[in-house]
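In: the amino acid sequence is not available; the structure is as follows:
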């Protein structure tokens, strides 16, 4: 990983804690942690994230991008929908379109798919969106 971040395996204790609290996760998934240059913990991810992290770190940002960066399960999707409408003059007729198409969830492709092309497809989808883009992520701001 770039910019002073690296992947490390979870200790047995860390893995047990993670599995205890994240019951819905695939029990066979190999998990790793992302740490900074001081070896401080940043985030736990599926090991397959290692193969695609370069897509996220090389994403072309735009000056008018609006980022919705939150922890999971704290009202992110509601905030995402509301923010998208504020940014797009409350186009209620567009609520018939999937929110994911109007305001992509950056890492969804690698969370739910083993397809190595999922991350690249997400980046292409983001590049194709007109500005201003509203982008959802659960990745920490540092990344």
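Out: Noted; the coordinates are in hand. As the structure is a prediction and not an experimental result, all values here were calculated from the model. Numbers count the residues shown, from 1 in each chain.

In: for residue 37, give me phi and psi.
Out: For residue 37, the backbone dihedrals are phi -70, psi -20 (criterion: degrees, to the nearest 10).

In: same check, this time on residue 135
Out: phi -120, psi 130.

In: please apply the same query to the one 5 residues further on.
Out: Phi and psi for residue 140, reported as degrees, to the nearest 10, are phi -70, psi 150.

In: residues touching it, list them.
Out: 42-43, 69 (C-beta atoms under 8 Å, 6 or more residues apart in numbering). No exception for glycine: its C-beta is placed from N, CA and C like everyone else's.

In: do that again at 6 Å, thanks
Out: By C-beta atoms under 6 Å, 6 or more residues apart in numbering, the contact list for residue 140 reads 42-43.

In: make 38 the starting number, not 1.
Out: From this message on, residue numbering opens at 38, which makes the last subject residue 177.

In: distance of it from residue 106?
Out: For residue 177, the distance to residue 106 equals 7 Å [C-beta to C-beta, to the nearest Å].

In: same check on residue 123?
Out: For residue 123, the distance to residue 106 (C-beta to C-beta) stands at 17 Å.
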